[in-house]
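Participant: quick one, fold the following:
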Amino acid sequence: MQGYTDIAVSGWVGRLPQGWRPYALLARLDRPIGAWLLFLPGLWAFALVAPSWAEGGRLALLFGIGAVAMRGAGCVVNDLWDRDIDRKVERTRGRPLAAGTVTPLQALAFLAGLCLIGLAVLVQLNRTAILLGLCSLLPILLYPLAKRVTHWPQAMLGLTFSWAAPEGVAAATGQVGPLALILWAAGFTWILGYDTIYAHQDREDDAAVGIGSTALRFGERTRPFLVACYGATLALLALAGWVAGLHWFYLPALALPAALLARQVLTLDIHDPGHCLTLFKANREVGLAVALAFLIGRL
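Facilitator: Reported below is the predicted structural model:
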């Protein structure tokens, strides 16, 4: 793992003015997978309960903008908390706050701007969704602390990144009922699994600096843990479709995300950080396949 990092100033980020690049890297705009994974549980909600294609499209656009802004805000908060730890971890020592290319004061100003974008999106929603969105700020703030006190920071991330599911149901229906909670639980177990894969990139460094993760907790027993997480996800997604009253066609359509998740379990190599990152990124296709299955059930 020596020398491994997933930070790459390339593509459109590499063509930005030099003074802008550290902020793009701070918000992880070079790695949009995080915004996708924050957005996708909301897309599941719209696929299940949006009252029309037009409204579903409007909400998806708003949630997409909000996901980019709030994922960036979460990264800024995380890096402010972790800048001293990040300097000791090979994969993260090049992050702008750890490397000193952005100061904490500059990061706070940038954070305020990202939160204003998120607020502009939030006020386009109904009152229930607005209140639920404001409640999401607490787990965003607490997530960076979890790794310092538990081997389960992935559980806190699961609570945070799956928030778009009940938020999406509230935005589409004005209510938070059993369906919203089932989708939230499905997102939680999915995220718990894929973020454990992601955490294996830092397993050795995390152990050296004394922070916890499910990758450290389960180690060589990660594969059966993933089976449990992903099995629960698929069961909860099937239940969500039934509660939403979908046509039974959605059940065979869930075979595609099931196959994609099974591929992650079968090909996992916890000693290959690059492959762990590849499997983690593959969850975008998993999330899109789930949304497609739900849409098929509404045809």
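Participant: skipping its backbone neighbours, what lies nearest L62 in space?
Facilitator: By the measure of Cβ to Cβ, 6 or more residues apart in numbering, the closest residue to L62 outside its immediate chain neighbours is V121, 5.2 Å from it. Just so you know, the C-beta spots here come from the backbone N, C-alpha and C atoms, and that holds for glycine as well.
Participant: pretty sure that neighbour is touching G66, no?
Facilitator: Yes - using Cβ atoms under 8 Å, V121 is in contact with G66, at 4.0 Å.
Participant: mind listing the helices for the stretch 101-250 of the chain?
Facilitator: 104-122, 127-135, 137-149, 153-161, 164-173, 178-199, 203-209, 214-218, 222-243, 250-253 (DSSP state H, counting those that start in this stretch).
Participant: out of these, which one sits most buried?
Facilitator: When you average the neighbours per residue for each of those (mean count of other Cβ atoms under 10 Å), helix 164-173 leads with a mean of 27.
Participant: what angle do that helix and helix 104-122 make?
Facilitator: 40 degrees (axes from the mean of the first three to the mean of the last three Cα atoms, to 10 degrees).
Participant: now helix 164-173: mean pLDDT?
Facilitator: For helix 164-173, mean pLDDT is 97.
Participant: re earlier: same list (the helices of the stretch 101-250 of the chain) but as a markdown table, adding distance to G11.
Facilitator: Shown next, in a markdown table, are the helices of the stretch 101-250 of the chain (distance: least, Cβ to Cβ, whole Å):
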| stretch | distance to G11 |
| --- | --- |
| helix 104-122 | 21 |
| helix 127-135 | 30 |
| helix 137-149 | 27 |
| helix 153-161 | 24 |
| helix 164-173 | 26 |
| helix 178-199 | 21 |
| helix 203-209 | 26 |
| helix 214-218 | 28 |
| helix 222-243 | 30 |
| helix 250-253 | 33 |
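Participant: distance of the residue nearest to L62 relative to G42?
Facilitator: 11 Å (Cβ to Cβ, to the nearest Å).
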